[in-house]
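Participant: Have a look at this prediction, sequence included:
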Amino acid sequence: MISDQDAMVPRRVLVIHNPAAGQRRGRLLEMVVTGITGLGGRVTCRETRQSGDAEDFAAQASADDFDAVIAAGGDGTVNEVLNGLGAGKSGLALGVIPLGTANVLACEIGLDPDDVEQVARTVAFGPLRRIHVGLVNRRRFLLMAGAGLDAHVVAGVSTALKRRAGKLAYVVESLRQAVGYDYPKLTIRADGVEYEGRMVVACKGRFYGGPFIAAPDADLSSPMLELCILPNPGLAGMLRYGLALPLGKLPSLPEVRVVSARNILITGPRGAPVQGDGDIVARLPAEISIADETVELICP
């Protein structure tokens, strides 16, 4: 369901951002903030200094002062803000100024990270879309939660390299991990039905790793998860899936299972990482479900 923001009343927003994101991203943020204020919006900025700050700032935000909290950064920053809004119970809307590496949420809602005018107008006036979010071991996620090789890549990728090389950093780390990773078996129980795989991603959105579709039937507005199960181990399997994803062929590979579910249990090596929205947010075993609460997301 889409609800419209009164076009005559630009929003009061709290923008949460990481000042270490880099000079180019800092300039983009300044341009977007200038655009919002030029449209009549009121902007308060808070800079994060360490992990967890974005979540704390969002939890402290009050509906008396703001209409929305805007995550200025990548999908990991959005995840922190999402969890802070859940803790704060303020009912504030969630928005994004996409400054990250993959910007999967921006892909999902049709927001162009390079279009400063579109981003500013969306923050100020964009309609609200009520979305269902996921939970992994009680932590919220907006886009996806996964276990297996992708989670190990997220855990191992260098922040400095990611800042310098962007998406290429994930390619480098994927190749490095693929050689030494032992591809342990994962057991997945989805709404009572058991599957096996070497990598699994529970998707709330269609996209994965950028503008690449992993779960074509996933919908942020739906109270369901689309579970993508990849069964083949080894470097050959990883290369097969890694090539199929950007070609849009991953969900149609004969051995790949994509199933709908509301409640999922993933077991495997105890303590193995679980990624949520591109950051490590949990450890196996992982219980994944749909949260009872919904969130209003600002869309173009």
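Facilitator: The structure has been received and is ready for your questions. Residues are numbered from 1 along each chain as shown.
Participant: The nearest residue to P231 once chain neighbours are set aside: what's it in contact with?
Facilitator: Leaving aside its sequence neighbours, P231 sits nearest to G197 (Cβ to Cβ, 6 or more residues apart in numbering; 4.9 Å). All C-beta spots, glycine's among them, are computed from the backbone N, C-alpha and C. Counting by Cβ atoms under 8 Å, 6 or more residues apart in numbering, G197 touches 148, 185-186, 188, 229-231, 257.
Participant: now do A71
Facilitator: Taking Cβ under 8 Å, 6+ apart, one finds 16-17, 54, 77-78, 80-82, 94-97 in contact with A71.
Participant: cutoff 6 Å now
Facilitator: 16, 77-78, 81, 96 (Cβ atoms under 6 Å, 6 or more residues apart in numbering).
Participant: Same list, those residues, but as a markdown table with secondary structure and distance to L142 please.
Facilitator: Formatted as a markdown table, those follow (DSSP: H, G, I helix; E, B strand; the rest coil; distance: Cβ to Cβ, whole Å):
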| residue | secondary structure | distance to L142 |
| --- | --- | --- |
| I16 | strand | 15 |
| T77 | helix | 11 |
| V78 | helix | 6 |
| V81 | helix | 10 |
| V96 | strand | 10 |
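Participant: Switch the residues you listed over to a markdown table; also include neighbour count.
Facilitator: Shown next, in a markdown table, are these (neighbours: other Cβ atoms under 10 Å):
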| residue | neighbour count |
| --- | --- |
| I16 | 28 |
| T77 | 28 |
| V78 | 31 |
| V81 | 28 |
| V96 | 28 |
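Participant: Go through these and name the one with the lowest pLDDT.
Facilitator: Among the contacts of A71, T77 carries the lowest pLDDT, at 93.
Participant: where exactly do the strands run in the stretch 151-300 of the chain?
Facilitator: 186-190, 193-197, 199-203, 225-230, 257-261, 263-267, 273-276, 279-283, 286-298 (DSSP state E, counting those that start in this stretch).
Participant: so which of these gets nearest M8?
Facilitator: Among the strands of the stretch 151-300 of the chain, strand 286-298 comes nearest to M8, with 16.8 Å by Cβ to Cβ.
Participant: just checking, what packs against the closest one?
Facilitator: Under the contact criterion of 3 or more Cβ pairs under 6 Å, 6 or more residues apart in numbering; DSSP states H and E, strand 286-298 touches strand 93-98, strand 128-136, strand 263-267.
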